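K.L.:
I need the structure of the sequence given here:
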Amino acid sequence: MDEKDVESANSRNQIEATKKIALRLDRHGLPLQPRPSDHPDDPLNWPKAQKAYIAFLISALAFMAQAGSSFINPAFVVMSKDLKITVEQASYCTTVYILFGGVLSMFIVPFANVYGRRPMYFLFTLLAVAGQFASAGAPHYGGVIAGRVFNGIGASVPLGIGAASICDMFSQGERGLWLGIYTLSVTNGPHVAPLAGGFITQNLGWRWCFWIPGIIQAGLWVVLTFTLPETLFSRADHSSLEQRSYVEKLLFHGKVLDRSVRLRDFAGSLRMTQYLPVLLPTLWYMTSNTYGSALFAVTGAHIATSIYDFDVAQVGLFLGVPLTIGCMIGEATAGWVSDAIINAYARRHDGYRKPEVRLFLLPLCTLLAIGTATYGYCVETQRPWIAAAVCMAVSGLGTQVGTTMVYTYATDCYKPQSGEIGSVINLFKSGQLFRNVVTMAFLLILEQYSPSTLASTPYPSVKRQATTSPSPPLQRSIWRCSCQLAYFCGKVRVFGNGKVGRQIITIYSASNLRLHLEIRTHKSPAH
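P.N.:
The predicted structure follows:
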């Protein structure tokens, strides 16, 4: 057999192998997308139980990364008295965490795309643990802030490349469910943490709001050290970890893929914003996460104590329970539902899964604007705490649905760049949160109380202090957030077709309020 015959035989074998791969179907009888290789190290070929375990582990890391920023939130007043600082300065523990956690992830992704995901989880989770312990043991305010900086840097990895790790393992038709679990963890971290933070502060002291999450993250670091495999895999170049034992794969072997880290790669996350299917969902997530989560976290403690006379533990319950319940209900109608919709579409279109089909859940996102606006109304008019809590839950529902859609839609459009997409989403979210948290903290400084003759309240469940309601600056802040969210909902347009932008879905708000509305004290916004 001459050389030409050998080449012809190899070519036929490759074609036959490709056909076999193309014939692999999912449980719905549809072709898998992306198509898995026949290599056992391909994460798409791993057992379902193993992939589910890894997805839950990454979700737990992301949950603690988010929760680590919020355990201390109910303890700002106690912390400020102990360290002899202002409440605003105490709130910087959260703002520096948010800032560094958002910015650093875009510089980590290029290394994660070459040296693998596992080394990044290993190194930066350890850094997050060190930051938590440093803040817990710091005798002065400066040491607490320095520890929070390193804690935020360490937390940036599961928030930046967590979605990419999940996309490495799951095909398009089942990705919504697992990305939904991941986004539920990301969203609910800041909601669940105050539940524990309030009781921890009341019974153990504010420093344990750093010790306890640090201990939990240390436990997760041990677990990932021995059980988290490398999910980075190229079906064209394969991996340097092939044909190695399980123990060998847990060690660091340099580059996983034979590529180089170039300077231009560090701008890869920002370059993704030139594509509308990435930019517009990211803008939506940035806005919704701020006004569907951070708004309540920053203003909730002050409102709960000044209007409802809650103690530290009750503040934690008020901040955590409504948003957690709302997000869980939202996810119950998001991830797996979007998978069912896109798979049903594929059955009618010869196996083609159009990313825009996931956007049929968009109407549920309007609940975010409704919940936030009515929350502002309840605060201004001092309605019972249960009314404000219900509004928070409605807002959380809309936030969670939108979050799941943002991740699944954007990564469906550009799967190879899922790491960059996760990083830019985290960057935009953190940048907006940083700006708004600083603004809220400044407004809380301007808080002034006027004497009130109302010693009681018509609502038995509400204990109103002798000093009155939130100040005009805080009221205007909450109304402004509601107006900005309504304006954004009225103007944002999500373009379809993944690349071209043919299909346009517009969300109209009821009032289409403008950001420059003049907000008058003790009055609703003028139309």
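K.L.:
tell me the spacing between the residue most central in space within the chain and residue 430.
P.N.:
Nearest to the mean C-alpha position of the chain, by CA atoms, centre = their mean, lies residue 186 at 4.0 Å. To residue 430, residue 186 is 12 Å away according to CB to CB, to the nearest Å. Every C-beta, even on glycine, is put in place using the N, C-alpha and C of the backbone.
K.L.:
what's the answer for residue 126, then?
P.N.:
Residue 126 is 21 Å from residue 430, by CB to CB.
K.L.:
quick one: which of the two has more around it?
P.N.:
Neighbours were counted for residue 126 and for residue 430 using other CB atoms under 10 Å; residue 430 has more, 25 against 16.
K.L.:
residue contacts, the closest residue to residue 224 other than its chain neighbours?
P.N.:
In space, and not counting its chain neighbours, residue 224 is closest to residue 121: 5.6 Å by CB to CB, 6 or more residues apart in numbering. Under the criterion of CB atoms under 8 Å, 6 or more residues apart in numbering, the contact list for residue 121 reads 58, 61, 157, 158, 224, 228.
K.L.:
out of the residues you listed, who's nearest residue 263?
P.N.:
Checking the contacts of residue 121 against residue 263 with CB to CB, the nearest one is residue 157 at 21.1 Å.
K.L.:
for the helix or strand harbouring residue 302, name the packing helices and strands.
P.N.:
Residue 302 belongs to helix 295-306 when elements are defined using DSSP states H and E. Judged by 3 or more CB pairs under 8 Å, 6 or more residues apart in numbering; DSSP states H and E, helix 295-306 is in contact with helix 76-83, helix 312-332, helix 366-381, helix 385-413, helix 418-445, helix 472-491.
K.L.:
out of those, which comes closest to residue 356?
P.N.:
Using CB to CB, the nearest of those to residue 356 is helix 385-413, at 7.5 Å.
K.L.:
where does the stretch 401-527 of the chain have low pLDDT?
P.N.:
431-527 (pLDDT under 70).
K.L.:
cool, and the stretch 1-150 of the chain?
P.N.:
1-23, 25-33.
K.L.:
ok so, going back, which secondary structure state does the residue nearest to residue 224 sit in?
P.N.:
Classification of residue 121 using DSSP: H, G, I helix; E, B strand; the rest coil returns helix.
K.L.:
quick check, residue 351 in a helix?
P.N.:
No. Using three-state DSSP, the assignment for residue 351 is coil, not a helix.
K.L.:
neighbours of it, how many?
P.N.:
17.
K.L.:
equivalent analysis for residue 311, please.
P.N.:
Applying other CB under 10 Å, I find that residue 311 has 12 neighbouring residues.
K.L.:
please name every helix or strand in contact with the lengthiest helix in the chain.
P.N.:
Secondary structure of the chain per DSSP state H: the longest helix is helix 172-203. For helix 172-203, the elements it packs on are helix 48-67, helix 141-169, helix 208-227, helix 312-332, helix 335-348, helix 385-413, judged by 3+ CB pairs under 8 Å, 6+ apart.
K.L.:
closest one to residue 420 among those helices?
P.N.:
helix 141-169 (8.4 Å).
K.L.:
now the closest one: how far from the chain's centre is it?
P.N.:
Centroid separation for helix 141-169 versus its chain: 12 Å, with CA atoms, centre = their mean, to the nearest Å.
K.L.:
buried ones in it?
P.N.:
141, 144-169 (16 or more other CB atoms under 10 Å).
K.L.:
and stretch 95-111, by the same measure?
P.N.:
In stretch 95-111, counting by 16+ other CB under 10 Å, buried: 95-106, 108-111.
K.L.:
so which of these sit within helices?
P.N.:
95-103, 105-106, 108-111.
K.L.:
out of those residues, the closest to residue 424 would be?
P.N.:
Of these, the one sitting nearest to residue 424 (CB to CB) turns out to be residue 106, at 6.8 Å.
K.L.:
wait, what's in contact with that closest one?
P.N.:
Counting by CB under 8 Å, 6+ apart, residue 106 has contacts 160, 266, 269, 270, 420, 423, 424, 427.
K.L.:
give me that answer again for 7 Å
P.N.:
269, 423, 424, 427 (CB atoms under 7 Å, 6 or more residues apart in numbering).
K.L.:
what of residue 278?
P.N.:
272, 410, 414, 421, 424.
K.L.:
again, but for residue 305
P.N.:
residue 315 are the contacts of residue 305 under CB under 7 Å, 6+ apart.
K.L.:
now do the same for residue 276: its pLDDT.
P.N.:
At residue 276, the pLDDT value in this model is 87.
K.L.:
still on that earlier bit, to residue 283, which of the helices and strands packed on helix 172-203 lies closest?
P.N.:
Short answer: helix 385-413, nearest of these by CB to CB, at 9.6 Å.
K.L.:
quick one: the closest one to helix 172-203, angle?
P.N.:
140 degrees (axes from the mean of the first three to the mean of the last three CA atoms, to 10 degrees).
K.L.:
buried residues in helix 385-413, which are they?
P.N.:
Here helix 385-413 shows 385, 387-413 as buried, counting by 16+ other CB under 10 Å.
K.L.:
hang on, the earlier thing: what's the closest of the contacts of residue 278 to residue 214?
P.N.:
Of those, the one sitting nearest to residue 214 (CB to CB) turns out to be residue 424, at 28.5 Å.
K.L.:
neighbours around the closest one, how many?
P.N.:
Here the number of neighbours of residue 424 (other CB under 10 Å) works out to 26.
K.L.:
relative to residue 230, how far out is it?
P.N.:
Residue 424 is 23 Å from residue 230, by CB to CB.
K.L.:
I'd guessed residue 45 sits against residue 35; true?
P.N.:
No. Using CB atoms under 7 Å, residue 45 is not in contact with residue 35; the gap is 11.2 Å.
K.L.:
could you report the neighbour count for residue 140?
P.N.:
With other CB under 10 Å as criterion, residue 140 counts 11.
K.L.:
how far away is the closest residue to it other than its chain neighbours from residue 151?
P.N.:
Once flanking residues are discounted, residue 140 sits nearest to residue 83: 7.3 Å by CB to CB, 6+ apart. Going from residue 83 to residue 151 by CB to CB gives 17 Å.
K.L.:
before we move on, what about residue 270?
P.N.:
25 Å.
K.L.:
again with residue 401
P.N.:
30 Å.
K.L.:
do the same with residue 141
P.N.:
15 Å.
K.L.:
check residue 420 too.
P.N.:
Using CB to CB, we find residue 420 at a distance of 24 Å from residue 151.
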